[in-house]
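Asker: Pasting the sequence and the predicted coordinates here, then a few questions.
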Amino acid sequence: MNHLDNIVISKQDIQQRIAELAKDIDATYGEKNPILLILLKGSIFFASDLSRRMTSEHTLDFMAVGHDQQGMLEIRYHPMSNLSGRYVLVIEDIIDSGLTLHYIVNHLKTTGALDIQVITLLDNPTRRLVHLPITHIGFSIPDVYVVGYGLDIHERYRNLPDIYEYHEEE
Amino acid sequence: MYILTISRTLGSLGDDIAKKCALYLGVPIIDKEMSFAQWFPDITDDHGIHMLRSSYAFYHHTYDEQTSYKDYLTLKLKEAVRTGPKIFLGMGSHIIFQDHPSTIHVRINAPFDIRLMRLQDEWKLPRDKALALLEESDTRRKKFIRKVHGVDWEDESLFDLRINTRQITVDTACEMIRSALANTLEQSAYNANQLSLFQTPAERSDFRHDIEREFAMILDNYGMEWEYEPTTFPLEFDDEGNITQAIAPDFYLIREDTYIELTVMNPKYMAEKRRKIEKLREQYPEVNVILMDKKGLHALIERHKLKTPIKENHESS
């Protein structure tokens, strides 16, 4: 754990904020039964806690994108639900430049989804390059590398309950 | 309207070649997963999709007492072609469009031992597991073509171009496909000029710095539309009204209506650049401009090159 600095967001703060977000989303969607589209892998814990806090009906589905060996972006897992005519809420762990999410949203627009919105647990707007339909933000964070609560570095630290600042060893 | 069908074996680099062709041609790929995600749910439920995945004979069952799943797939593929050129990956599309005039049917393969080696290498699999996976994949593809379309998977006469990727790279394969496509379209009086754009925007543009080209390639891969230095903004004038200071941001993201200025200067030399950007914002408040510094730029480039992104905070990883 010697790569980890301070706790940036504690588990108590995370859970409290998620409860607020869940209320907002319940109010936003009401009876519309949105599809919560969980982007793998980073947002699984966030989505899981958010879903369990929500009281309105919703559907869970998953999607994964990644870069191939040539650096080209590819969809590695398509949602299994038919998105046509549905309200879709994309669940992201963190947004930086927004390029990946922009690609995903553009792809989703071709599926006939009625409405596409984005919720992110963490937002680092300092490096944002594109406009995104982000309707709910958990926390805005400064330009630091963070791990924990789903966020990883080389698949490590995802299972930490708090969010930490990560630094490379000198 | 043209169609490119690509039939490939596992480990043949067929998926990579299809993706690169799609990027170069600006044409979408339609594959089996897309049909399961977007088309079949309109006519069947999860059980039906499970049956289609596991039993190829199920394609001949009817879903509305008249139309079979195979006919539905054929119908959807033909509908897709009406909206523009397409790349069809697998699905027996080379049989469905066998007689279409503006079509190239490509088969991509490689020797078994090379495909095996690639699987072991890419997926970090032990030899026995990779071998089992490869044999199962070949069997399933062979079965699919025979049971759904009633033809022999290995019938080479159904393909216009066969590429063995034993030594052929992804780029060379794309060039071979481009050439074959251009030749076919010329014969069918199609406007082959469209294929002269067989380069990504980044590849057909001139840049002052390599880092700008690299950034442009990343934008291409994310499907962003951009222009290089399209606008110069005057910032200062002398007494006679001549421009004495101006800035031409490196990139303009068209759909985002946003300019991006890149810099790889060390922070201590960046003050002047920052001042210019601030002036731009003050004098042209309607203009969106982002200054991307060395740290952010390198993080983006590094992330793009790596299979596992590490630097920029893990978007969708």
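Answerer: Thanks, I have it.
Asker: When you work out contacts or count neighbours from here on, use the C-alpha atoms and nothing else.
Answerer: Fine.
Asker: Go ahead and list the helix or strand containing the closest residue to chain A within the stretch 51-200 of chain B.
Answerer: Nearest residue of the stretch 51-200 of chain B to chain A: B:Glu122, at 8.8 Å (Cα to the nearest Cα). Using DSSP states H and E, B:Glu122 maps to helix B:112-123.
Asker: C-alpha coordinates for the next helix or strand after that helix, PDB please?
Answerer: Counting by DSSP H and E, the next helix or strand C-terminal to helix B:112-123 is helix B:127-144. Provided in PDB are the C-alpha atoms of helix B:127-144 (Å, rounded to 0.1, in the frame of the first residue of the first chain):
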ATOM      1  CA  ARG B 127      -1.100 -24.500 -25.200                       C
ATOM      2  CA  ASP B 128      -3.800 -27.100 -24.500                       C
ATOM      3  CA  LYS B 129      -6.400 -24.500 -23.700                       C
ATOM      4  CA  ALA B 130      -5.600 -22.500 -26.800                       C
ATOM      5  CA  LEU B 131      -5.700 -25.600 -28.900                       C
ATOM      6  CA  ALA B 132      -9.100 -26.600 -27.600                       C
ATOM      7  CA  LEU B 133     -10.400 -23.100 -28.100                       C
ATOM      8  CA  LEU B 134      -9.200 -23.000 -31.700                       C
ATOM      9  CA  GLU B 135     -10.600 -26.400 -32.600                       C
ATOM     10  CA  GLU B 136     -13.900 -25.600 -31.100                       C
ATOM     11  CA  SER B 137     -14.000 -22.200 -32.900                       C
ATOM     12  CA  ASP B 138     -13.300 -23.900 -36.300                       C
ATOM     13  CA  THR B 139     -15.900 -26.500 -35.700                       C
ATOM     14  CA  ARG B 140     -18.500 -24.000 -34.700                       C
ATOM     15  CA  ARG B 141     -17.900 -21.800 -37.700                       C
ATOM     16  CA  LYS B 142     -17.900 -24.800 -40.000                       C
ATOM     17  CA  LYS B 143     -21.200 -26.000 -38.500                       C
ATOM     18  CA  PHE B 144     -22.800 -22.600 -38.700                       C
END
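Asker: helices or strands next to helix B:127-144 in the packing?
Answerer: Judged by 3 or more Cα pairs under 8 Å, 6 or more residues apart in numbering or on different chains; DSSP states H and E, the packing partners of helix B:127-144 are helix B:112-123.
Asker: Just the CA atoms of the helix it packs on, as PDB, please.
Answerer: Extracted C-alpha coordinates of helix B:112-123, given in PDB (Å, rounded to 0.1, in the frame of the first residue of the first chain):
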ATOM      1  CA  PHE B 112      -3.100 -23.500 -37.700                       C
ATOM      2  CA  ASP B 113       0.100 -23.400 -35.700                       C
ATOM      3  CA  ILE B 114       0.500 -19.600 -36.200                       C
ATOM      4  CA  ARG B 115      -3.100 -19.000 -35.100                       C
ATOM      5  CA  LEU B 116      -2.400 -21.200 -32.100                       C
ATOM      6  CA  MET B 117       0.700 -19.200 -31.200                       C
ATOM      7  CA  ARG B 118      -1.300 -15.900 -31.500                       C
ATOM      8  CA  LEU B 119      -4.000 -17.200 -29.200                       C
ATOM      9  CA  GLN B 120      -1.500 -18.300 -26.600                       C
ATOM     10  CA  ASP B 121       0.400 -15.000 -26.900                       C
ATOM     11  CA  GLU B 122      -2.600 -12.600 -26.900                       C
ATOM     12  CA  TRP B 123      -4.800 -14.300 -24.300                       C
END
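Asker: B:Val289 looks like it's in a strand, true?
Answerer: Yes - judged by DSSP: H, G, I helix; E, B strand; the rest coil, B:Val289 forms part of a strand.
Asker: Check the spacing between it and A:Pro133 real quick.
Answerer: Distance, B:Val289 to A:Pro133, using Cα to Cα, to the nearest Å: 19 Å.
Asker: Between those two, point out the one with more neighbours.
Answerer: Taking other Cα atoms under 10 Å in any protein chain shown, B:Val289 and A:Pro133 do not tie; B:Val289 has more neighbours (21 against 13).
Asker: ok, the more buried one - contacts?
Answerer: B:258-261, B:277, B:281 (Cα atoms under 8 Å, 6 or more residues apart in numbering or on different chains).
Asker: And A:Phe62, by the same measure?
Answerer: Each residue near A:Phe62 by Cα under 8 Å, 6+ apart is listed here: A:37-40, A:77-80.
Asker: could I get these as CSV with neighbour count, distance to B:Tyr2 and secondary structure?
Answerer: Listed next are these as CSV, based on neighbours: other Cα atoms under 10 Å in any protein chain shown; distance: Cα to Cα, whole Å; DSSP: H, G, I helix; E, B strand; the rest coil:
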residue, neighbour count, distance to B:Tyr2, secondary structure
A:Leu37, 25, 34, strand
A:Ile38, 25, 36, strand
A:Leu39, 25, 34, strand
A:Leu40, 21, 35, coil
A:Tyr77, 15, 28, strand
A:His78, 16, 26, coil
A:Pro79, 21, 29, coil
A:Met80, 18, 29, coil
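Asker: Export the lowest-mean-pLDDT helix or strand in chain A to PDB, keeping only CA atoms.
Answerer: Lowest by mean pLDDT, DSSP states H and E among the helices and strands of chain A is strand A:73-77, with a mean of 79. Provided in PDB are the C-alpha atoms of strand A:73-77 (Å, rounded to 0.1, in the frame of the first residue of the first chain):
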ATOM      1  CA  LEU A  73     -10.900   1.300 -29.500                       C
ATOM      2  CA  GLU A  74     -13.200  -1.600 -29.600                       C
ATOM      3  CA  ILE A  75     -16.500  -2.700 -27.900                       C
ATOM      4  CA  ARG A  76     -15.700  -5.800 -26.000                       C
ATOM      5  CA  TYR A  77     -19.100  -6.500 -24.600                       C
END
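Asker: How about residues contacting the helix or strand following it?
Answerer: Where DSSP H and E defines the elements, the next helix or strand beyond strand A:73-77 is strand A:87-95. Contacts with strand A:87-95, where a contact means Cα under 8 Å, 6+ apart, come from A:32-39, A:42-43, A:46-47, A:101, A:113-125, A:150-151, B:313-316.
Asker: Which of those residues are buried, as a ChimeraX select command?
Answerer: The buried subset of those, as determined by 16 or more other Cα atoms under 10 Å in any protein chain shown, is captured in ChimeraX by this line:
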select /A:34,35,36,37,38,39,42,43,46,47,101,113,116,117,118,119,120,121,122,123,124,150,151 /B:313,314,315,316
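Asker: among the contacts of A:Phe62, which two are most distant?
Answerer: Within these, A:Leu40 and A:Met80 form the most distant pair, 13.9 Å apart (Cα to Cα).
Asker: Give the buried residues for the least confident helix or strand of chain A.
Answerer: Within strand A:73-77, the residues that qualify as buried are A:73-74, counting by 16+ other Cα under 10 Å.
Asker: So what's the gap between it and the chain middle?
Answerer: Per Cα atoms, centre = their mean, to the nearest Å, the displacement of strand A:73-77 from the mean C-alpha position of its chain is 16 Å.
Asker: partners of it, with directions?
Answerer: Under the criterion DSSP bridges, strand A:73-77 sits next to strand A:59-67 (antiparallel) in its sheet.
Asker: export the partner strand as CSV, just CAs?
Answerer: Output of strand A:59-67 as CSV, limited to C-alpha atoms (Å, rounded to 0.1, in the frame of the first residue of the first chain):
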residue,chain,number,x,y,z
THR,A,59,-33.0,-2.7,-15.5
LEU,A,60,-29.3,-3.5,-15.2
ASP,A,61,-27.1,-4.2,-18.2
PHE,A,62,-23.4,-4.1,-19.0
MET,A,63,-21.0,-2.8,-21.6
ALA,A,64,-17.2,-2.9,-21.9
VAL,A,65,-14.8,-1.1,-24.2
GLY,A,66,-11.1,-1.3,-24.5
HIS,A,67,-8.1,-0.7,-26.7
